[in-house]
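Participant: Give me coordinates for this.
(chains A and B)
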Amino acid sequence: MDALIMAVDEVATGLSGDISGSLALIGYGLAAIGPGIGIGLVAGNAVQAMARQPEAAGMVRTTMFLGIAFTEALALIGFVLFFIA
Amino acid sequence: MERLILAASECDPEEQIICTPDSVNDLFELPFFFGDSLNRTMWLTLFAGLLVVAFFYFAFRRKSLVPSKFQALGEMAMGFVRDEIAIGIVGREHGLKYFPYLASIFFFILIGNLFEVVPFILFPVTSRIGLPIFLALITWFIFLIAGIRAQGFGGYFGHLVWPPGVPTALKPLVGAIELVSVILVRPFSLAVRLFANLAAGHVMLSLLLLSAWVFLAALPTGNLAGLWGLLWAGLGLFIYLFEILVAILQAYIFTLLSAVYIQTSVEVEAH
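Facilitator: Here you go, the predicted model:
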């Protein structure tokens, strides 16, 4: 029992101990995952649409850029936090 | 850039292989002529504007039915904005009315962005938040005024806070979200998108190419770690090509979104 408490104490000191640096950077890294997946979905589905219906490629491309722009905004707001934080 | 290279050459590559500038501002804020009152960004902004005006002045100075190569290039560029963005997005009815504004911001932002990859300039003027905010505010005023003119003050803001075609129970919620998104989020995200893309690209290029320079400069001292410089140089040149794409794409996206916002304002929704 004592050994267990000591182990937990060690882990706790290890967790609260040596980590340093800006939390904003980790936050940005996490925040970039979502838009990354989102842009992948947008571009992938646009490619599929263009392959299935090449006549509509122009319209699909414009809409794809719009979708990418809206999705990307979230990641870029995270980038701005770097300057604020 | 000069001060940065100076800072890099002052440090000893053997002791400290990556030399950091004093602050991030050193990457951006360099006084240039006239001390602090007019910095390089302002001169380049002015230069970008003059460049656009001069290009189209000389392209369309002597218009002829069979265009010269220069005129054909100008017509192609203008035709792209008119057909793809103004008429394609805003619509045949209102598109041509907003075409001059859309063309102006497209070419101004394009030149401003491309300064990022032009040798000896290597600085995108749109990577300072002031310029994107100003451009986004112009778009904001234009789409608000366009909406008020098309639907009347009460009609435009009425449709925003009390959207038609939504179940009555949801109207307050959707209206509140719409109002915040149109009044606040639109100009903010428009400005931040342009700024952050170009600032990130500039920081990335500066880091990679300066690292390459510092690492390779350490090679003659016999420090084999300097060979990493080849990797940084290769990666930097790849990002350099990528940034040309980003510069053109961001100018396109800013104009495209401006057109979309104007279109949603002038289009009177069916009840």
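
Participant: Show the contacting residues for B:Phe254.
Facilitator: B:105-106, B:109, B:135, B:190, B:193-194 (Cβ atoms under 8 Å, 6 or more residues apart in numbering or on different chains). For the C-beta atoms, the positions are set from N, CA and C on the backbone; glycine is no exception.

Participant: so which of these also contact chain A?
Facilitator: B:Arg193 (Cβ under 8 Å from any Cβ of the partner chain).

Participant: Please work out which residue of chain A is closest to chain B.
Facilitator: A:Leu76 (3.8 Å; Cβ to the nearest Cβ).

Participant: what's around that residue, how many residues?
Facilitator: Neighbour count for A:Leu76, taken as other Cβ atoms under 10 Å in any protein chain shown: 21.

Participant: Flag every buried residue along the strand or helix carrying it.
Facilitator: Using DSSP states H and E, A:Leu76 falls within helix A:57-84. Buried positions in helix A:57-84, judged by neighbour count with 16 or more other Cβ atoms under 10 Å in any protein chain shown: A:60, A:62, A:64-73, A:75-80, A:82.

Participant: do the same with stretch A:31-43
Facilitator: Per 16+ other Cβ under 10 Å, stretch A:31-43 contains these buried residues: A:31, A:35, A:38-39, A:42.

Participant: That stretch vs chain B: in contact?
Facilitator: No. Stretch A:31-43 lies apart from chain B when judged by Cβ under 8 Å from any Cβ; the minimum separation is 11.2 Å.

Participant: Using PDB, write out every CA atom in that stretch.
Facilitator: Output of stretch A:31-43 as PDB, limited to C-alpha atoms (Å, rounded to 0.1, in the frame of the first residue of the first chain):
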ATOM      1  CA  ALA A  31      -6.700  23.000 -32.500                       C
ATOM      2  CA  ALA A  32      -5.100  22.300 -35.900                       C
ATOM      3  CA  ILE A  33      -6.300  18.700 -35.900                       C
ATOM      4  CA  GLY A  34      -9.900  19.500 -36.600                       C
ATOM      5  CA  PRO A  35      -9.500  21.800 -39.500                       C
ATOM      6  CA  GLY A  36      -6.900  19.400 -40.900                       C
ATOM      7  CA  ILE A  37      -9.400  16.600 -41.000                       C
ATOM      8  CA  GLY A  38     -12.000  19.100 -42.300                       C
ATOM      9  CA  ILE A  39      -9.900  20.300 -45.200                       C
ATOM     10  CA  GLY A  40      -9.100  16.700 -46.100                       C
ATOM     11  CA  LEU A  41     -12.800  15.900 -46.300                       C
ATOM     12  CA  VAL A  42     -13.600  18.900 -48.400                       C
ATOM     13  CA  ALA A  43     -10.800  18.400 -50.900                       C
END
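
Participant: Show me how far it is from its chain's centre.
Facilitator: 7 Å (Cα atoms, centre = their mean, to the nearest Å).

Participant: Contacts for it, please.
Facilitator: A:64, A:67-68, A:71-72, A:74-75, A:78.

Participant: do stretch A:55-64 as well
Facilitator: A:42-43, A:46, A:49-50, A:53, B:84, B:88-89, B:256.

Participant: can you check stretch A:73-85 too?
Facilitator: By Cβ under 8 Å, 6+ apart, stretch A:73-85 touches A:22-25, A:27-28, A:31-32, A:34-36, A:38, B:24, B:189, B:192-193, B:195-197, B:199-200.

Participant: before we move on, back to that, wait, which of the buried residues of stretch A:31-43 is closest to B:Glu243?
Facilitator: A:Ile39 (17.6 Å; Cβ to Cβ).

Participant: how close does the closest one sit to A:Phe65?
Facilitator: 11 Å (Cβ to Cβ, to the nearest Å).

Participant: can you count the residues close to A:Met50?
Facilitator: Neighbours around A:Met50, by other Cβ under 10 Å: 17.

Participant: so who does it touch?
Facilitator: Per Cβ under 8 Å, 6+ apart, neighbours of A:Met50: A:56-57, A:60-61.

Participant: Identify the farthest-apart pair in the contacts of stretch A:55-64.
Facilitator: Farthest-apart pair in the contacts of stretch A:55-64 is A:Gln53 and B:Leu256; separation 21.5 Å (Cβ to Cβ).

Participant: Name all residues that make contact with whichever residue of the stretch 151-271 of chain B sits closest to chain A.
Facilitator: Chain A sits closest to B:Ala196 of the stretch 151-271 of chain B, with a gap of 3.8 Å, by Cβ to the nearest Cβ. Going by Cβ under 8 Å, 6+ apart, B:Ala196 touches A:76-77, A:79-80.

Participant: next one: B:Arg92
Facilitator: B:Arg92 neighbours (Cβ under 8 Å, 6+ apart): none.

Participant: what secondary structure does it sit in?
Facilitator: Using DSSP: H, G, I helix; E, B strand; the rest coil, the structure places B:Arg92 in coil.
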